[in-house]
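J.: Coordinates only, no sequence provided:
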DNA sequence: TCAGTAATAGTAATTATTACTGATAATATG
DNA sequence: CATATTATCAGTAATAATTACTATTACTGA
């Protein structure tokens, strides 16, 4: 993989945030360093970095893809109101997938994604204070 | 929620498959009963049924949304090659989220989504037999 | 039965992402 | 260091997925 300024800054931006930004949000951040960078370049590099397992793409049920520079396995909390995404602050352990099962042996397992959805503190207090 | 023929058939179709279809796939199935149903109607109803927790939307990192009539909590396996999605054939149990923690009490928790990605048996054997 | 209104079909618009193309610049090799 | 090779880029067009709009239809409760 060639080293380019674009790719380096994209990765720096992603590593410099905990907000799990979308491609578009990364694009706007990177534009502060490289004003004429192309949105396609951002998409291409993010996808490439995911392929090479330098970053991860976060699972979701709606909206755009979001990216995470932290590749250590961990889960996320997603607010269904404001679409905030944050890391889960505690370990979640699963019953291990039985590696000696025929199910497991018939497949190549890559990654585990898990996400908890709900209403974040800000939106929760909002809805309690001012019901429509 | 009003009972309409469209909504009933959409739900019947989803309940009649284990393939976790996309909105477009549901649309084509439903067209066999209601040939002039609108794709927008399918999207609207699926989203409405998700809201009312009659069905679930499955998390994903790419491609279209997929739906599942089975609302009992369970995880999914997704093939990164052919995009097949299937239920995990074993229970997924979590260490419970600590309900007495300040983190938990500050939020309203709705759902947990769990997905394992990898290569399915068909694609695995394909790649072993005929490498490019 | 019928008024009120949620839901619909058909279509247009929006959003997110990918593909294309000629130009640019990162690397490997002499 | 010079330069050939080619991955990558910017800019733009195209595609895919989903949502919004509007006039019409058909549930449902009274």
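T.: Sure thing, it's come through. Here the structure is a predicted model, which is why all the values come from computation and not from measurement. Residues are numbered from 1 along each chain as shown, chains lettered A, B, ... in the order given.
J.: remind me which residues of chain A are low pLDDT?
T.: Scanning chain A for pLDDT under 70 picks out A:93-96, A:129-132.
J.: 50 instead, please
T.: In the predicted model, chain A carries pLDDT under 50 at residues A:131-132.
J.: In it, mark out all the helices, start to finish.
T.: For chain A, applying DSSP state H gives helices covering A:5-15, A:23-30, A:39-51, A:102-105, A:121-129.
J.: and the shortest one with chain B, contact?
T.: Yes. For helix A:102-105, a contact with chain B is found by C-beta under 8 Å from any C-beta of the partner chain, at residue A:103. From N, CA and C alone the C-beta is placed, and that goes for glycine too.
J.: what residues does that helix touch?
T.: A:97, A:98, A:99, B:89, B:90 (C-beta atoms under 8 Å, 6 or more residues apart in numbering or on different chains).
J.: Up against DNA strand D, what does chain A have?
T.: A:1-2, A:4, A:6-7, A:34, A:36-41, A:44-45, A:48, A:62 (C-beta under 7 Å from any atom of the strand).
J.: Go again with 10 Å.
T.: Residues of chain A lying close to DNA strand D by C-beta under 10 Å from any atom of the strand are A:1-10, A:27, A:30-31, A:34-45, A:48, A:52, A:61-63.
J.: Out of the contacts of helix A:102-105, which end up buried?
T.: A:97, B:90 (16 or more other C-beta atoms under 10 Å in any protein chain shown).
J.: so who does residue A:28 touch?
T.: Under the criterion of C-beta under 8 Å, 6+ apart, residue A:28 has no neighbours.
J.: Could you report the separation of it from residue B:40?
T.: Note on residue A:28: its distance to residue B:40, by C-beta to C-beta, to the nearest Å, is 31 Å.
J.: Burial check on residue A:3, number of neighbours?
T.: Burial measure for residue A:3: 6 neighbouring residues, criterion other C-beta atoms under 10 Å in any protein chain shown.
J.: Look up phi and psi at it.
T.: Phi and psi for residue A:3, reported as degrees, to the nearest 10, are phi -90, psi 120.
J.: Residue A:55 is in contact with residue A:14, correct?
T.: Yes. Using C-beta atoms under 8 Å, residue A:14 makes contact with residue A:55 at a distance of 6.1 Å.
J.: Quick check: nearest residue in space to residue A:89, chain neighbours excluded?
T.: Leaving aside its sequence neighbours, residue A:89 sits nearest to residue B:103 (C-beta to C-beta, 6 or more residues apart in numbering or on different chains; 5.7 Å).
J.: packing partners for the longest strand along chain A?
T.: What stands out as the longest strand in chain A, according to DSSP state E, is strand A:108-119. Counting contacts by 3 or more C-beta pairs under 8 Å, 6 or more residues apart in numbering or on different chains; DSSP states H and E, strand A:108-119 packs against strand A:56-58, strand A:76-79, strand B:108-119.
J.: Relative to DNA strand C, which of those is closest?
T.: Of all those, strand A:56-58 sits nearest to DNA strand C, with 8.7 Å by C-beta to the nearest atom of the strand.
J.: which of the residues in the closest one are buried?
T.: With burial defined by 16+ other C-beta under 10 Å, the residues of strand A:56-58 counted as buried are A:56, A:57, A:58.
J.: close to DNA strand C, is stretch A:107-125?
T.: No. If you take C-beta under 10 Å from any atom of the strand as the test, stretch A:107-125 misses DNA strand C, and the best it gets is 15.3 Å.
J.: give the contact list for the closest residue to residue A:111 other than its chain neighbours.
T.: Once flanking residues are discounted, residue A:111 sits nearest to residue B:117: 4.8 Å by C-beta to C-beta, 6+ apart. Residues in contact with residue B:117 (C-beta under 8 Å, 6+ apart) are A:109, A:110, A:111, A:112, A:113, B:61, B:77, B:78, B:79, B:80.
J.: okay if I get these as a markdown table plus neighbour count?
T.: A markdown table is the format used below for the contacts of residue B:117 (neighbours: other C-beta atoms under 10 Å in any protein chain shown):
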| residue | neighbour count |
| --- | --- |
| A:109 | 13 |
| A:110 | 13 |
| A:111 | 17 |
| A:112 | 17 |
| A:113 | 23 |
| B:61 | 18 |
| B:77 | 19 |
| B:78 | 26 |
| B:79 | 20 |
| B:80 | 16 |
